[in-house]
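Trainee: Give the three-dimensional model of this entry:
(4 chains)
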Protein chains: 2
Amino acid sequence: MITREDVAKLAGVSPATVSNVINNSKFVSPDLIEKVERAIKDLNYFPNRAARALASHRTEQVGILVPSLTNPYHGSVAEGMEEVARKNGYIVSLITAEGPADRYISHIIERQMDGIFLTDFGFRFTKEQFEHMRNHGVRFVVGEGSSYAMETCSTIPCSRISVNYTRVMTELFTYLKKLGHRRVAFLSGNPTEIREARKDEYVRCIQELGFEYDKSLLIPGSSPFTTLSEDGYRDTKKFLQKKHKFSVLFALNDLMAIGAMKAIREEGLRIPDDISVVGCDNLYLSETTCPPLTTIHIPKREIGRLAMELLLEIIRGEDYRKVELFPSLVVRQSVIPLQ
Amino acid sequence: MITREDVAKLAGVSPATVSNVINNSKFVSPDLIEKVERAIKDLNYFPNRAARALASHRTEQVGILVPSLTNPYHGSVAEGMEEVARKNGYIVSLITAEGPADRYISHIIERQMDGIFLTDFGFRFTKEQFEHMRNHGVRFVVGEGSSYAMETCSTIPCSRISVNYTRVMTELFTYLKKLGHRRVAFLSGNPTEIREARKDEYVRCIQELGFEYDKSLLIPGSSPFTTLSEDGYRDTKKFLQKKHKFSVLFALNDLMAIGAMKAIREEGLRIPDDISVVGCDNLYLSETTCPPLTTIHIPKREIGRLAMELLLEIIRGEDYRKVELFPSLVVRQSVIPLQ
DNA sequence: GTGAAAGCGCTAACAA
DNA sequence: TTGTTAGCGCTTTCAC
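Mentor: The predicted structure follows:
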């Protein structure tokens, strides 16, 4: 293994100078820089991150905590994060939320991660667990649904990316109302933060904009609690058998909407003639459903990029801050006027 | 920060004994073990991985190299890997293949990753790049399409997970033939290994099983080269305008099949009445398309798990080996007899 | 069985 | 501006 020492020897300088060149942490004269860089290239030298981490207490490694990568939503977020991380010499490690939280918390602490991005996750940690990680130097950025996430632990500093649904949901429901719809069912999936944020807005719109408020139209999730197309299918199937009256199905996300569409068709109903369907996320897949899905666009990759940028900021010691995003409505063909 | 020293002091033993207990690398008397474990708990001690990595030259960190996480195929693979990694104290870091290969190679080397899993990736590295990583202690497991991947660098030791399509493709084409089909188009996507493996089998089946061999039915990919639903849509759209005669469209993967279905419908053709469609991967989404997609099942999560297990084996110094998987045909409703 | 001590390759404070 | 040096927290060899 080639070390800094080897480089120093070849360049005829001290190891410290090599460090200074690599990190440009101090002024080094141009010709020494040149010599050192020459030597680095000639020897094909790569600094050892473990050693650097040990000495500096920064690992330049962050984590992304996701419920599942099977949903392309999180895949896009992860990609965005990785893009910015890579450009800044950071690496992002994957932590999926299976099993008890303490398991991955110890992972995060042992690896001395500089920070983590929690997407749709806050509920799962207690205040003590947050404090624990924080005491070990872990910084937090909390994603969509964060307003709920940190409620119980508002003393934990974190940067937040929140998605404000108020505007877009008002737009959606105004649109539905204009088309004559009054009874909108909500396919709610599992109890996570994102669900809560979207559900609250659904309830608000129903009540404020003159829809019929009927609790039986709020379709609960069922175990195992995930939010994939199979869940949308299963929950909708069960719901349809109860013969509730409704003309629009608003799904927690596109994946569930896709599953719901299958269930609706299987019951002999037509989309959108009998039931209009609306999703949320705007996965590229939602363009290709049949009919193409009317949905709410969430800038997924941007959320990932932004998360990493916020992480870099707070790691550098800058202030925590909150960024609010406003999604937009994407009108396709899965909604038509009430027949 | 709590260190091994603190634990040693509290337990009344030497730091070395603490190490021996943690790694059970040597025999330690039961009562000392007990004392040490007590102290670890009381102090809430977490061993520092960076220090351990520096001293032991093992980071217990592996990478997964993926073209994109937007395809749930790779998401599932990554999840499977992470599952096994977590259980073994390993962590998996994300490396997406954007930009020049040297960029992420230096990442891999600096981080001293113990190994990496390459999915659909071999083409992108030169023999020199492989050697380079190998010299730095990086081990390789190569995924689907590997038979092509390592062709140019057969001297690089690696474990392989290969998917043998011969049996299932014969089954598929026999099925298609029985239904009266003779002209099958192949939506091939971008030139990666997986594409080559699947394409070769397509060509073999066409020629051996009595289909009409017409090169114009081999639909090439177009730039930018990805294999998502939008690519399937775009390439199929273009293809349909040429008015070639065919009755079945076989897509490189389910995502492209979904995009193709949209293009087909937009041209006023019905699925499966006018055109039958077959996918590959068996994403959960393929159940919910309209009509449900006939496809080839690839055990994605298992591939991820297996990859991590192979990685652990070779990191432990065990022999490299090759595992072959045999996918199965999933018959749904997107294929019907030739009308 | 247990412990002492010499690194692992780097950062960062301080000297020169 | 450059170099010296003392750790960072652990593994591992070798005495005891």
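Trainee: Could you count how many residues lie near residue A:100?
Mentor: 9 (other CB atoms under 10 Å in any protein chain shown). No exception for glycine: its C-beta is placed from N, CA and C like everyone else's.
Trainee: I meant residue A:270, not that one.
Mentor: Residues within reach of residue A:270, counting by other CB under 10 Å, total 11.
Trainee: swap in residue A:199?
Mentor: Neighbours around residue A:199, by other CB under 10 Å: 18.
Trainee: Give me the buried stretch members for the host helix or strand of it, please.
Mentor: Assigned by DSSP states H and E, residue A:199 belongs to helix A:193-208. Buried positions in helix A:193-208, judged by neighbour count with 16 or more other CB atoms under 10 Å in any protein chain shown: A:193-199, A:201-202, A:205-206.
Trainee: Now do the SS call for residue A:6.
Mentor: Classification of residue A:6 by DSSP: H, G, I helix; E, B strand; the rest coil places it in helix.
Trainee: And the one 3 residues further on, by the same measure?
Mentor: Under three-state DSSP, the three-state class of residue A:9 is helix.
Trainee: Is it possible to get CSV of the buried residues of helix A:193-208 that adds pLDDT and distance to chain B?
Mentor: Shown next, in CSV, are the buried residues of helix A:193-208 (pLDDT from 0 to 100; distance: CB to the nearest CB, whole Å):
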residue, pLDDT, distance to chain B
A:193, 76, 21
A:194, 81, 18
A:195, 84, 20
A:196, 84, 24
A:197, 85, 23
A:198, 90, 21
A:199, 91, 23
A:201, 94, 26
A:202, 97, 23
A:205, 97, 27
A:206, 97, 27
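Trainee: Go back to these and keep what's next to DNA strand C.
Mentor: When contact is defined as CB under 7 Å from any atom of the strand, the buried residues of helix A:193-208 do not meet DNA strand C at all.
Trainee: out of these, who's nearest DNA strand C?
Mentor: Nearest to DNA strand C, judged by CB to the nearest atom of the strand, of these is residue A:193 at 36.0 Å.
Trainee: in chain A, what secondary structure element scores lowest on mean pLDDT?
Mentor: Lowest by mean pLDDT, DSSP states H and E among the helices and strands of chain A is helix A:146-149, with a mean of 52.
Trainee: Next SSE downstream of it?
Mentor: Using DSSP H and E, the next helix or strand after helix A:146-149 towards the C-terminus is strand A:159-163.
Trainee: ok, residues contacting that following strand?
Mentor: A:140-147, A:150, A:197, A:298, A:303, A:306-307, A:310-311, A:313-314, A:320-327 (CB atoms under 8 Å, 6 or more residues apart in numbering or on different chains).
Trainee: Tell me the strands beside that strand, with direction?
Mentor: Applying DSSP bridges, strand A:159-163 is found paired with strand A:139-142 (parallel), strand A:322-325 (parallel).
Trainee: which is the next helix or strand following the last one?
Mentor: Sequence-wise, the next helix or strand beyond strand A:322-325 is strand A:328-330, with elements assigned using DSSP H and E.
Trainee: that older thread, remind me what the helix holding residue A:199 packs against, helices and strands.
Mentor: Contacts defined by 3 or more CB pairs under 8 Å, 6 or more residues apart in numbering or on different chains; DSSP states H and E place helix A:193-208 against helix A:146-149, helix A:166-178, strand A:184-187, strand A:218-219.
Trainee: let's see it at 7 Å
Mentor: Helices and strands touching helix A:193-208, as assessed by 3 or more CB pairs under 7 Å, 6 or more residues apart in numbering or on different chains; DSSP states H and E, comprise helix A:146-149, helix A:166-178, strand A:184-187.
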